[in-house]
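Visitor: Let's see this in three dimensions:
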Amino acid sequence: MKPDSFSHLEEMLNTRMKQMNPREIRYWQVKRFMELTRHIYRFSSECSECLKFRTEIPSLAGGVDRLFEVAASERIRYEQLSDEMLKHLRHRHGLYTKKHFITTYSVLGMMGGVIGGALVAWMIQSMASEPPLHIFRYAVLLGWLAGLVTGRITGYRKDRKVEREGRQI
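Guide: Residues are numbered from 1 along each chain as shown. As a prediction, the model looks like this:
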């Protein structure tokens, strides 16, 4: 086992995690960091950006158990590196986190449903001689609900497809 291999880094992170409080592990998303690192190491032979990330990872991973004690600049760098790795893996390698599309499509569906409900209410109110004032409230609420349900179903299908293709982090 080479010292720069992922299995060495994973062993070091697992050792550090044993010294950490479970709440700190969740707060700092250490398991997510380890999963991102696994993919960075996998693609580093063919991607120059992954290779650049690979050189930065060991210095941060070594101090992951002391993130609450170190200077704010190191904590910020750890968070920035995690976010940059996630963004890179998503855009360059087509990998997505669990429930990525469910959340994205739910928000888009809700926004579209509210706009659609407001347009329907406006059309109903403009055609009626004495429009009921509560129609706007109910149309927007119904549009929001329809958009949420539609977005969740569409996002769930897309997440399942990504998972079957093995592109899920």
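Visitor: Tell me how many other residues crowd G155.
Guide: Residues lying near G155 (other C-beta atoms under 10 Å) number 21. Glycine gets a C-beta too; all of them are placed from N, C-alpha and C.
Visitor: Distance-wise, check it relative to T37.
Guide: Using C-beta to C-beta, to the nearest Å, we find G155 at a distance of 27 Å from T37.
Visitor: Please spell out which residues along the longest helix anywhere in the chain are buried.
Guide: Assignment by DSSP state H gives helix 135-164 as the longest helix of the chain. Neighbour-count burial for helix 135-164, counted by 16 or more other C-beta atoms under 10 Å, picks out 136, 139-140, 143-144, 146-148, 150-152, 154-155, 158-159, 162.
Visitor: Quick one: neighbours of M123, just the number.
Guide: 11.
Visitor: Can you check the pLDDT for K2?
Guide: Predicted confidence (pLDDT) for K2: 53.
Visitor: Oops, could you answer that again for A146 instead?
Guide: 97.
Visitor: tell me the domain ranges of this structure?
Guide: What automatic domain parsing lists as the domains of the chain is 6-93, 100-164.
Visitor: now do the same end-to-end measure for the shortest one.
Guide: Right, the one you point to is domain 100-164. Start and end residues of domain 100-164 are separated by 15 Å (C-alpha to C-alpha, to the nearest Å).
Visitor: what residue ranges in the protein are flagged as low confidence?
Guide: For the chain, applying pLDDT under 70 flags the ranges 1-4, 61-71, 131.
Visitor: Which parts of it are helices?
Guide: 6-18, 22-27, 30-43, 48-61, 72-93, 100-127, 135-164.
Visitor: out of the ones you listed, deepest packed?
Guide: helix 30-43 (a mean of 19; mean count of other C-beta atoms under 10 Å).
Visitor: quick one: that one to helix 48-61, angle?
Guide: Orientation check (axes from the mean of the first three to the mean of the last three C-alpha atoms, to 10 degrees): helix 30-43 against helix 48-61 gives 140 degrees.
Visitor: So which elements touch helix 30-43?
Guide: Of the remaining helices and strands, those touching helix 30-43 by 3 or more C-beta pairs under 8 Å, 6 or more residues apart in numbering; DSSP states H and E are helix 6-18, helix 48-61, helix 72-93.
Visitor: Between helix 72-93 and the second one, find me the angle.
Guide: Helix 48-61 runs at 150 degrees relative to helix 72-93, counting by the same axes, to 10 degrees.
Visitor: Check which helices and strands helix 48-61 sits against.
Guide: So helix 48-61, by 3+ C-beta pairs under 8 Å, 6+ apart, packs with helix 6-18, helix 30-43, helix 72-93.
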